[in-house]
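Trainee: 3D, please:
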Amino acid sequence: MAGGSPPSALPGAEAVRAPDESPPPVSGSPSWLLPGGALSLERPRIMGIVNLTPDSFSDGGELRSVEDAVLRAESMVAEGAEILDVGGESTRPGAREVPADVEMRRILPFLRAASDRLPVPISVDTRKAAVARAAVEAGASIVNDVSGLAHDPAMAPAVAELDVAVVIMHMRGTPRTMGRRAEYGDVVEEVSAELAARVRSAREEGIERGRIVVDPGIGFAKTPEQSLVLIREIHRIMGLGYPVLVGPSRKSFLGAILGSPPGDRLEGTLAACAWAYGGGARLFRVHDVEPAARLLRVLRAIEMGRIPEVREREER
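Mentor: A predicted model of the protein is given here:
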């Protein structure tokens, strides 16, 4: 593993940033610009996962109807999710691509129902511009693209035109091929540089800086050891100057450590979230919302050195 400073050394950490980008924003006022206004990232925010696929690695096929999915989403919001991420295509290692029309049939009925019933922004997890456009029309306000806007040449122009928020994730290859692409010298340096290039491309397509969040892509074209290093060194990814989202939930690197199946990796997920929070991440994509929300509430209180105000607790 590559060495590096722990989160406690964050003020002096070195990191790569896109060469034509301005320095990172001043600490203390981070936010993410959504269509409905800026979402403050001075405190952690949870993105709850709603998988509408029959073959996701952890919970594929659990939600058998639109009403089941909306009820699950409502439960997540009650537990502390402030963003929901809905997907209709599995991107687990080895997964085959799903046609856009199939993906839309899976997610659009949920989006139409949920956007009327839920008080939080909804993200669509897709690599396809046609799906993103249909999802935004149905109520989504964030596009979460695991390919970093690279899979579909029409995606970045679509995001810019739709004027929605975007998560640019790092991945090499496709879900079918990414396992063969996990070759790095310094995984953090190379992931940072490749993310910087994807961000630069997005900006050149007209996507506003404030709408961009980056994700190092834990488990995507990464070995378990590389995923661990990325989490340990997340403060270096922060050096790109964009808010960072992490998605360690139930991932295989935790299974390699714990020797447990996806549904029995909660402690590992929470440990990874805690370390990433210490390194500066403020967005957490998880399956198990309530325990993650409780963990992050305590970490926030420790960081502040006081009990959060009632209003902050209620707003979560």
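Trainee: which stretches of the stretch 51-200 of the chain have low pLDDT?
Mentor: For the stretch 51-200 of the chain, the stretches with pLDDT under 70 are 55-63.
Trainee: Tell me which stretches of it form strands.
Mentor: Along the stretch 51-200 of the chain, counting by DSSP state E, counting those that start in this stretch, strands occupy 83-87, 122-125, 142-145, 165-169.
Trainee: Gly37: which of these is closest?
Mentor: Set against Gly37 and scored by C-beta to C-beta, those come closest in strand 165-169, at 10.9 Å. The C-beta positions use only the backbone N, C-alpha and C, and glycine is treated the same way.
Trainee: got the CA coordinates for that closest one in PDB?
Mentor: Taking Å, rounded to 0.1, in the frame of the first residue of the first chain, the C-alpha atoms of strand 165-169 are listed here in PDB:
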ATOM      1  CA  ALA A 165     -26.500  18.400 -10.200                       C
ATOM      2  CA  VAL A 166     -24.100  15.600 -11.000                       C
ATOM      3  CA  VAL A 167     -21.900  13.000  -9.300                       C
ATOM      4  CA  ILE A 168     -18.700  12.300 -11.400                       C
ATOM      5  CA  MET A 169     -17.400   8.900 -10.200                       C
END
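Trainee: how about the helices in the stretch 51-200 of the chain?
Mentor: Remark: helices assigned in the stretch 51-200 of the chain by DSSP state H, counting those that start in this stretch are 66-79, 100-117, 129-138, 155-162, 187-204.
Trainee: want to try JSON lines for the ones you listed, with mean neighbour count and distance to Val50 as columns?
Mentor: Shown next, in JSON lines, are these (neighbours: other C-beta atoms under 10 Å; distance: least, C-beta to C-beta, whole Å):
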{"stretch": "helix 66-79", "mean neighbour count": "17", "distance to Val50": "5"}
{"stretch": "helix 100-117", "mean neighbour count": "18", "distance to Val50": "7"}
{"stretch": "helix 129-138", "mean neighbour count": "22", "distance to Val50": "12"}
{"stretch": "helix 155-162", "mean neighbour count": "21", "distance to Val50": "21"}
{"stretch": "helix 187-204", "mean neighbour count": "20", "distance to Val50": "25"}
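Trainee: Let me have those in TSV, extended by distance to Val146.
Mentor: Shown next, in TSV, are the helices of the stretch 51-200 of the chain (distance: least, C-beta to C-beta, whole Å):
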stretch	distance to Val146
helix 66-79	20
helix 100-117	13
helix 129-138	13
helix 155-162	11
helix 187-204	12
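Trainee: For Pro248, which of the ones you listed is the nearest?
Mentor: Distance to Pro248, taken as C-beta to C-beta, is lowest for helix 187-204 among the helices of the stretch 51-200 of the chain, at 14.7 Å.
Trainee: Contact partners for Arg181?
Mentor: Counting by C-beta atoms under 8 Å, 6 or more residues apart in numbering, Arg181 makes contact with 172-173, 221.
Trainee: oh, I was asking about His170
Mentor: 148, 191, 194-195, 198, 214-217, 220-221.
Trainee: Is it possible to get CSV of the strands of the stretch 51-200 of the chain that adds mean neighbour count?
Mentor: Formatted as CSV, those follow (neighbours: other C-beta atoms under 10 Å):
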stretch, mean neighbour count
strand 83-87, 25
strand 122-125, 28
strand 142-145, 27
strand 165-169, 27
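Trainee: Tabulate the ones you listed in JSON lines, adding columns for distance to His287.
Mentor: Listed next are the strands of the stretch 51-200 of the chain as JSON lines, based on distance: least, C-beta to C-beta, whole Å:
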{"stretch": "strand 83-87", "distance to His287": "10"}
{"stretch": "strand 122-125", "distance to His287": "13"}
{"stretch": "strand 142-145", "distance to His287": "15"}
{"stretch": "strand 165-169", "distance to His287": "17"}
